[in-house]
Structure formats: structure tokens, C-alpha cells
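1. Have a look; sequence and predicted model below, questions after that.
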Amino acid sequence: MQHKDFKIILQEWEKLLACFESDLTKDGLFGCSFLIITDKRIVVSDADFNIEKSVSLTDIASVKIEDYVGNAELKVALKDGSTASLIRFSRSLRKRFGDAARLIENLTLLREVEVEQLSEGVGEERPRFKTGPILYILKFITPYKFLLTVGILTGILGIFLGLLPPYFMKMLIDDVILGHKEELLSQVIIAIILTQAVSSLLGVVRSYSLSYVSLKAMYDIRVKMFNHIMSFQPSILDTYEAGRLISRITDDVSRVNWFLSWGLEQLLRSMVSLASVAMMIFILEPRLSLIALIPIPILGLGVFLFNRKSTWVYHYEWRRWADVSALLVDVIPGFPTVKSHVMEKAEEEKLKLKLSDVIVAGLRSTKLNLQFFPMLGFVMSAGTAIIWWIGGYEVLGGTLTLGTLSAFISYVSQFYGPIWNLVSMVEPMKRASTAGERIQNIMNMEPKIRDETDSIDLKIKGNIVFDNVSFGYLPYMYVLKNVSFEIKPGEKIGIVGPTGGGKTTIVKLLMRFYDTDEGRILIDGVDIRKIRLESLRRQIGIVSQEPRLFNDTIANNIRYGKPDASPEEIIAAAKIAAAHDFIIQKPLGYDMPCGEGGSMLSGGEKQRIAIARAIISNPRILILDEATSSVDTITEDSIKKALDEISIGRTTIIIAHRLSTVKDADRLIVVDNGRIVEVGTHEELLRKNGLYAKLWNTQFLEKPVEVRA
Amino acid sequence: MTFMTSVEYYAKMFLKVTDPSMVKIDYDNSNDTLILYLNGVACRDVDPIKPFPLSNPNYVIFRSKSSGEDICIIPDIRMLDENSLKNLEYAINKKYFIPIIMKINEITYTGEFFICDVKTNKGDRLFKVRSRRNVFRLGNAIVIFDSDENLYLIENYKNLDRKSKEELMKIM
């Protein structure tokens, strides 16, 4: 943002507070327009700073963002009852203009404005890395520097040992065979065997130490990433899908594995090898060495061209594989749906199409390889042939010995080897670097919700206050708006209302998965932002509509709510949740594995185990979010009876569509469209004949059947 | 004063955890049933259940066969008198037949099943396992369900011999 540009439209009597650049014009074309906020008014201008609209802050009653397909719009409601559209922007800028809306509202309500803070928040958040991705990855191997050094040194030592056999070959030809020094034969052969033996031993040490280092580094990176991701709130899944996070921990870390284990060592080895062999051939035969250098510029050019072309070809191929994976991830868990709709053939066709794309992409990269690598190989062979040609004449002319030529040719092949290695390393290095950047990207993110230094542990009694709470998953697109209510300790509250009304959001805010945009939530008079997250969540038990069980035993899944629970507590929790009877019918009882995601249990069984898990920790606040929606009415009744017992004196919040589940609650809060529309007991709300009565009648009262004569 | 029911309270009040010295167990050969004497009162209609047969195998619940109600819980049956323990173990061993695999001779994969040739504490056995999903690792223990829902247990896979461990890797 360049504030100086806006001076031309500012008046003397006003002070610039912030300006926000949009990516759409008022006519809906891609282009630039500006929303300029001063302490007196809001001005909208085009890219040339021609004022398109000006609204005085004193005229504004409220501000909102309308979300459309592919774009959105910032609007203000004026005090005269009219509405003014201020600026359009693509959905990419919703956060930016959410901040703008917040600033405008703060200004109109004469709240304290932290202009600088808001202005800084505007714009895309880009990761700022202190170090490059390769250096960042290398940090993970520093704890193992001793073994890494062993691996690299044994590799380099191996290179020097590799220089000896051609020299022995020269001795064998020139001195032993042609020079008839028979006594040297055994010594040279023993030297060759010893060299090879030591070389193999060094190879073993090198491979083991480098593998150890890379595996330990992989372990460290994965554990660190996992812990880092766990430090976030579930809202991280709004930004990164679960699959993408898993891919970063598994695939991306595997991609840097090659670099940590072999890439780094190969790079150093190739460079040392290149330098040492170059030195050897120049010592052995300087004139022929110059000829050996001829293919290098051609190889360099070839590598440059190959890299330029290969990047997109390889990326295209990886993406085709990703398409196949995506299809399989989608279809295989949805197997029953495919079968029930008899869509096996259709899915097969889709897979064939994707696999055909993989073949096309694979052939394209093969063709590219064939265009370059045989040619580059030919250039190197031609270099060797030229050396044979010139060297051959010199041997025939007697200016060079046959042994020297043989040794030279052998060194030349060792000279081209590391060059070729360096050439082939460009692609995997690029891959590792990209993966490292993706790892770094995650690791550099900071969780938004975390404990403050003055956060406290609170022994919760159960008083909950929502004080004028507004919240939206996207800025200024509210799911809850000015919600206020109080729940007394030990009270049982039902929250009901139409789907999408904001019921579950209330729970998420109470658990502090998100922070409120406005207003505050108090527990026993303390703002939840001042309560340590662990202390808060340990004392809230929650059962959601689709509980997630882990691939462990039933006992361990129940114990998840209290790791040190005794067998009696596990059984008691299961009995309260009406789960004990079905559990002991299982062959292994409480030791029965639940399967992945609880796949070995029915929906009702999973739900009851989740209830047992929620209550075993003796939570001060119990939340049942559609907890009994997937059990039959008989089971629901038995769970209800148990929960009635356990919820005595415990603040309990029950969210349910099935109104029979909540009708006995002490009070019912009816939420619709992000606002509380009714509060009262079941009877009071029925008498009121409002939204609750309408929902109740829809669910339980039969409509009279009209019979026409 | 507000009264808050807790799981601990429920466990204490309703679970009927019983002192083993108050319990005697006889075996009625003629009816092939256990007789539980609780504080001297005989219950003939009892079913002993191990709720944690792997992780806590000495924990037993006695349940009424007719009402399905739990009669009492013995947290550690080893605290029972010798005769009671003998009678209870007889009934329990019949009810919980989980052979312990001592050695794996061979595991082969047919494309449909894993065929396991093993030596157990109950004798040699050849059984089929449908897939790796039927093999569960619980700490160092491994539970295998065969295709007929029989159970086999490896108490600690680390204690198996080298050949058995290699074979086990095929199915893990």
C-alpha cells in the first residue's frame, strides 16, 4: 500500500487511517480500485484515484460483506435506511475486506481503533523464512554430525582408494607384462585385492551411517511436525485438508530423505571425486586432459536445456499420479455407495481415463529423457574415443606407453562419472528443496489460539456467559451475531433450531477451537481466553454427532478421556453410557479392538463408547452435540436415563434436532440464523407459539388429512 | 448444596466390587455350572466374564444368566481361596479358549487367505486369516482372529524365536 498516492484525494480536515486495494473494478472487471478510510469518511476510488463514492462515517448504521459466487461486496447500511454498495472484490480478498469492515464498524461505534495493527494485517500472509529450505532441512541432521562426518569421510576415502586400481593396472601392463618384472605380479594383485576389500568395508560403514542419520532425521522431522500440527486448533483443517497435512508429514518428508541420506554425500563425493580425478589426469597426461574437457560445455548446455524442459514434464506426471490417488481415496471409502448405485463400470471408466493420462505423461517424460540422455552419453563416449584415437597414435609413435593410456582412459571414465552424477542430481535436489519448503511452510506457522503468559488454571463450577458474542468463520460473514445468554452451574440447557443456525458453533467457541470476533465468553466470571487451554478442555466433556474412535481397544478408547482410569471407572462409564452390556458380549470384551475409526462397531455402539469417554473424566461441563441422533429410540431412552443421573449438578448442554431429546431440559435456547430467537422451558415455548412450537409441531403433530368428497 | 454425580461415585456405589474373602466358588458337576457363594448366600445362575481378558485377565465379573445383571466383581481372582480359584479357572478356561502361539512354523499367502501353521500352548494348529485387518497389535501382544472367528494370542511378539518373527512379518 502506498499511502502517499492517496494524498491527492484527501482533504485537509481528514486523516488517512487505512486503504485497501481491491482486485475488481466497480464494473466487475479485473483491475484495481481502492477503499480509503479516513477518520471522517470512506472513499472509494478507481485506479487513477478518481473518487467513485464517498460516505461520511456519521451516516453509517452498520457494515456487512455480501458473499457471491466468485466475488464479494462490502456494503454499508445508512442511517436513512438505504444501503450503499462500496467496493467489489474477488473471494481471495475476503480476509482483507473483513478487516476493512471491522475497522469501519469500530469507527462508526467510536470504539478504540488500532489502526496500525489492522493495516499491518492487511495483505496476503506469506511465509518469511530466515533460512532457505535446504539449510532448514540440514538443521535436522546436526544432532547426528558425528555419524554424518563418518559417512562422508568414508565416502571420500573410498574415492581416493578408487584412484589406486587404474594406477595398479598401469604397473601391471608397463612393469609386469611389458617390463617382465615377474616379482611384482603377486604384490600388485594383493594390493588390488586389499584395495577392493577396504573399499567394500568403507562402503558398508558409509551406507549404514548415512542411512542411520537419514532415518533419525526423518523421525525427528515427523515428530516435530506432528507436535506442531497438534498445537493448532481444529480450525487448521479449514486451511489445510487432513489429506494435505498427512501428505506433508509422509510424502514431503520422504522426498527430503534422499537428500539427507545420499544427496548431500553424493554432492560432496562427486565434487571431491571430480577434483581428485582431474588432478590425476592432469598429472598423468596434460595434453590428453585438455581433450577430455571438450565434452563438458556440451554436457552443461544439455543439462541446462533438459532442466528447463523437464520441470513441467515431471510436474505434469506427478499431478497425473495425484489424480489417480485422489480418485481412489474418493471411491474406495465410498465403496458401498458405488455398489448401491451400480456405478462400478462408471468408476472403472473414470480410473481408466486417469490411468491413460498417466501413461501419456509417462511416455512424454520417457521421450524427453531419450532426447537428451543418449545424446549426452554419446558426447562422453565420443570424448573417450577421441582420447583413444589421439592416444593410440601416440602409443604407436612411442611417445606414450600403453599402460599410461589405459590408466588415463580409466581415469577419464572416473572423471565423467561424477559429472554425470552432478547432472542427474539436479532433478532430485529440486524435488527435495520444494518438499523442504513445504515442510518449512507448516513449521513456520504459529497457532492463533494459545495460552498467554497470564493464563490460569480454573476449577470450573459451571457458570457460562456468552456476552454479546459475534463470530464468523470468515471475517464479517457472521454465523453468530450478538449472542448473549447465561447458563447457571448445574443447569441442563437444550440448544435447538434449524440446521446451519449456529448451534454447533456455540460449542466450538466454548471449547475455544476458535476465538470470538466480538464479545466474550465467561466461565465462572473468567474470560475463557484467560483460562489455560488444557485446564478448560479437560473440564469440558463433549460427544459429537459423528464421534471418532481410534484404532485401539474399547477400554483404551474410553480411557482416552482419563488415561489413569481404573477398570472400575471404565466399567462405570460404560454402564452409564449404556455400553457395558454390548461390550461384554464381544469376544475380547473391553480389550476388543475398535478397528480403524471404529469400523468394527455399529454407529450406536460407537456413540455410546464416545459418551463413556466424555463422562469418564468427570467433566464440569458436558456437551452432547446430537449425541444420540444415531441410536434407536430404546437405546436413546436408556442413555437419557443414565445421563439424567450423571448430569445432576453438572452444567449440561444438549444440542439436538430431535426435540424429544431436549424437551425435559431446564431451559431451551432456540437459535436461528446466528441469533437467539427464543428462550424458555418446553411448555413456555409451546405457549409462545414461535419457532420452537413450529418445529415441535412439524416433528410431532400429525397434520389433519383433508378428505375431499 | 449442589450434588454432582461422578463416575468414581457411580463405580463406588453401583459396581458391587467384592472382597474375595467374602466369595466361595463351587463347581456343580451334575449341572456343569458354577455356584457362587456371596456372603454365604448361594447363586447358581452365574456366568463368569472376563471384561479385560488380555490386559487384565484376573479381573472377573459374575453375571446372572437369567437377569443379565452383574452380581459382583472380583478385581483379582488370585486372591480367592485355592479351591474357589480352581473351580473358577475350570469354567473360565472353557469359556475363554484363546490358544497362545508359541512358535510360527510358516505363514503362506494364497491370494485370498493367510495360512498360518503354528504351535500353540494347546497343540499344533493350521488356520486361515482373511486379511491383515484381522491381526491386532495391542502393545507387545498380538491378537489374531481366524476366518472362523477363533482367537489366537501372541503374548509378547518380542519373545518369539527369530524364524517365527520373520514369518509374523508376512502378516503384520
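-> Thanks, I have it.
2. Low-confidence stretches in chain B?
-> For chain B, applying pLDDT under 70 flags the ranges B:1-5.
3. Close to chain A: what parts of it are there?
-> B:2-8, B:10-12, B:14-15, B:17, B:49-56, B:59, B:61, B:63, B:68, B:73, B:75, B:133, B:136, B:138, B:143, B:149, B:151 (Cβ under 8 Å from any Cβ of the partner chain). Every residue, glycine included, has its C-beta placed from N, CA and C.
4. Just the buried ones out of those, please.
-> The neighbour-count test (16 or more other Cβ atoms under 10 Å in any protein chain shown) marks B:4-8, B:10-11, B:15, B:17, B:49-56, B:59, B:61, B:63, B:73, B:75, B:136, B:138, B:143, B:151 as buried among the residues of chain B next to chain A.
5. All the helices of the stretch 301-450 of chain A, residue numbers only.
-> Ranges of helices in the stretch 301-450 of chain A, per DSSP state H, counting those that start in this stretch, are A:335-340, A:344-397, A:402-443.
6. among those, which is the most enclosed?
-> With neighbours defined as mean count of other Cβ atoms under 10 Å in any protein chain shown, these peak in mean count at helix A:402-443, which reaches a mean of 19.
7. Can stretch A:327-335 be said to contact chain B?
-> No. Stretch A:327-335 lies out of reach of chain B by Cβ under 8 Å from any Cβ, never closer than 13.9 Å.
8. who touches that stretch?
-> Contact with stretch A:327-335 is made by A:243, A:338, A:347, A:350, A:351, A:354, as judged by Cβ atoms under 8 Å, 6 or more residues apart in numbering or on different chains.
9. ok, of these, which one's closest to chain B?
-> When the contacts of stretch A:327-335 are compared for distance to chain B (Cβ to the nearest Cβ), residue A:338 wins out at 19.9 Å.
10. Which pLDDT value belongs to the closest one?
-> With respect to pLDDT, residue A:338 scores 78.
11. What of residue A:575?
-> 90.
12. next one: residue A:439
-> Residue A:439 is given a pLDDT of 84.
13. Next, the buried residues of the longest helix along chain B.
-> Longest helix in chain B, counting residues (DSSP state H): helix B:82-95. Using 16+ other Cβ under 10 Å as the test for burial, helix B:82-95 gives B:84, B:85, B:87, B:88, B:91, B:92.
14. Let me see the contact set for the second one.
-> By Cβ under 8 Å, 6+ apart, residue B:85 lies in contact with B:25, B:77, B:78.
15. Recalculate using a threshold of 7 Å.
-> Residues in contact with residue B:85 (Cβ atoms under 7 Å, 6 or more residues apart in numbering or on different chains) are B:77, B:78.
16. helix, strand or coil for the residue nearest the centre of chain B?
-> Geometric centre of chain B, nearest residue: residue B:53, 3.1 Å, by Cα atoms, centre = their mean. What DSSP: H, G, I helix; E, B strand; the rest coil gives for residue B:53 is coil.
17. about what we covered before: next SSE after the longest helix of chain B?
-> Counting by DSSP states H and E, the next helix or strand C-terminal to helix B:82-95 is strand B:101-109.
18. May I have the strands that pair with that following strand, each with its orientation?
-> strand B:114-120 (antiparallel) (DSSP bridges).
19. Any idea how far the strand it pairs with is from the middle of the chain?
-> 21 Å (Cα atoms, centre = their mean, to the nearest Å).
20. Please identify the buried residues of it?
-> Those would be B:114, B:116, B:118, B:120, for strand B:114-120 by 16+ other Cβ under 10 Å.
21. which residues touch the second one?
-> Translated: residue B:116. B:104, B:107, B:127, B:129.
22. close to chain B, is stretch A:541-551?
-> No. Using Cβ under 7 Å from any Cβ of the partner chain, stretch A:541-551 stays clear of chain B, with a minimum separation of 8.7 Å.
23. ditto for stretch A:617-634
-> Yes. Counting by Cβ under 7 Å from any Cβ, contacts between stretch A:617-634 and chain B involve residue A:618.
24. Would you mind pulling the contact partners of that stretch?
-> Stretch A:617-634 is contacted from outside by A:460-462, A:504, A:507, A:538-545, A:561-562, A:603-604, A:607, A:611, A:614-615, A:636, A:639, A:647, A:650-658, A:661, B:6-8, using Cβ under 7 Å, 6+ apart.
25. Just the ones of the buried ones among the residues of chain B next to chain A in strands?
-> Judged by DSSP state E, the subset of these located in strands is B:49, B:61, B:63, B:73, B:136, B:138, B:143, B:151.
26. Next, format these as TSV and append distance to residue A:61.
-> As requested, these are exported to TSV (distance: Cβ to Cβ, whole Å):
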residue	distance to residue A:61
B:49	68
B:61	67
B:63	68
B:73	67
B:136	63
B:138	63
B:143	67
B:151	71
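27. Among these, which one lies nearest to chain A?
-> Closest to chain A, out of all of those and judged by Cβ to the nearest Cβ, is residue B:136, at 4.4 Å.
28. picking that back up, my read is that the residue nearest to the centre of chain B contacts residue A:590, right?
-> No. Residue B:53 is not in contact with residue A:590 according to Cβ atoms under 7 Å; the separation is 8.8 Å.
29. ok, back up a step: among the contacts of stretch A:327-335, pick out the one closest to residue A:530, please.
-> Nearest to residue A:530 out of the contacts of stretch A:327-335 is residue A:243 (Cβ to Cβ; 35.6 Å).
30. one step back: out of the helices of the stretch 301-450 of chain A, which is closest to residue A:137?
-> Among these, helix A:402-443 comes nearest to residue A:137, with 4.5 Å by Cβ to Cβ.
31. got the angle between that closest one and helix A:344-397?
-> 150 degrees (axes from the mean of the first three to the mean of the last three Cα atoms, to 10 degrees).
32. tell me what helix A:402-443 is packed against?
-> Counting by 3 or more Cβ pairs under 7 Å, 6 or more residues apart in numbering or on different chains; DSSP states H and E, the packing neighbours recorded for helix A:402-443 are helix A:133-138, helix A:164-170, helix A:183-230, helix A:253-258, helix A:264-284, helix A:286-292, helix A:295-331, helix A:344-397.
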